[in-house]
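S.K.: I would like the atomic coordinates for the input below:
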Amino acid sequence: MQEPFNDLEDAYEADESFNLVAEPFKAAGSQIIAICGPLIKESAAAEAKATADAEASAKADADAEASAKADAEASGKAEVEASAKAEAEAGTLSQQNALRAAHSYLDYSAFSRTSLISQLEYEKYSAEDATWAVDRVTVDWNKQAAKAAKSYLEYSSFSRAGLIDQLAYEGFTSEQAEYGVSQTGL
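M.R.: Reported below is the predicted structural model:
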């Protein structure tokens, strides 16, 4: 197919009248290519940049949306955990009752931590509820030991070692018992 075209082209080139008419068009085509070529390149570059910018913007939007979703999920999870912790701290009705009873007993008498739990269990609170309540009582166990030591000495006679043993029997630690007895002057 190429050969007949070449023959035709050669025939037109040989015809000078054709060349006179075709030359200005050839020159104009070269000028159009010279002018439009850079514009086409600029347009293609601008289009490529716009596409890249749009893709980058879409990626940034997707990343921001994913980050916002993750933050919302984390915030929701934190709120649920905080709510569960608050409920656990507030305790059940039985635990709240055990806590009130613990305060009442401490207003009435001196108790060690273990003897206060035992007293609440004697009152039919579960070991879990009694322990929960005593763990939330704000009390200085050393002062409780001193109060118990003083109370024992008001109605009975004890040696220093005997009173320490009695306080230990009541559930005070050896350090608490020593402190309690030392506050009595024994």
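
S.K.: how does the protein divide into domains?
M.R.: 2-88, 93-182 (automatic domain parsing).

S.K.: pLDDT on the last one, on average?
M.R.: Right, domain 93-182. Regarding domain 93-182, the rounded mean pLDDT is 96.

S.K.: give the contact list for residue 165.
M.R.: residue 177 (C-beta atoms under 8 Å, 6 or more residues apart in numbering). The way it works is simple: take the backbone N, C-alpha and C, and place the C-beta from them, glycine included.

S.K.: quick one: secondary structure of it?
M.R.: Recorded secondary structure, residue 165: helix (DSSP: H, G, I helix; E, B strand; the rest coil).

S.K.: what do you get for residue 185?
M.R.: Residue 185 ends up coil, using three-state DSSP.

S.K.: Start the count at 9 instead of 1 going forward.
M.R.: Sure, I'll start numbering at 9, so the last one becomes residue 193.

S.K.: Which strand or helix spans the closest residue to residue 135 other than its chain neighbours?
M.R.: In this structure, residue 135 finds its nearest non-sequential neighbour in residue 129, 5.9 Å apart by C-beta to C-beta, 6 or more residues apart in numbering. Per DSSP states H and E: residue 129 is located in helix 121-130.

S.K.: Which positions in that helix come out as buried?
M.R.: Applying a neighbour-count criterion of 16 or more other C-beta atoms under 10 Å, one finds 121, 123, 124, 125, 126, 127, 128 buried in helix 121-130.

S.K.: Can I get those residues in a markdown table including distance to residue 162?
M.R.: Below are these laid out as a markdown table (distance: C-beta to C-beta, whole Å):
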| residue | distance to residue 162 |
| --- | --- |
| 121 | 23 |
| 123 | 18 |
| 124 | 21 |
| 125 | 25 |
| 126 | 23 |
| 127 | 20 |
| 128 | 25 |
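
S.K.: of all those, which comes closest to residue 102?
M.R.: Distance to residue 102 across the buried residues of helix 121-130 (C-beta to C-beta) is lowest for residue 128, with 10.6 Å.

S.K.: State the helix or strand in which the closest residue in space to that closest one that isn't next to it in sequence lies.
M.R.: Leaving aside its sequence neighbours, residue 128 sits nearest to residue 138 (C-beta to C-beta, 6+ apart; 3.6 Å). In the assignment (DSSP H and E), residue 138 maps to helix 135-143.

S.K.: Please list the outside residues in contact with that helix.
M.R.: Against helix 135-143 from outside (C-beta under 8 Å, 6+ apart): 99-100, 102-103, 106-107, 109-110, 121, 124-125, 128-129, 133.

S.K.: Farthest-apart pair in the residues you listed, please.
M.R.: With C-beta to C-beta as the measure, no two of the contacts of helix 135-143 lie farther apart than 100 and 121, at 20.9 Å.
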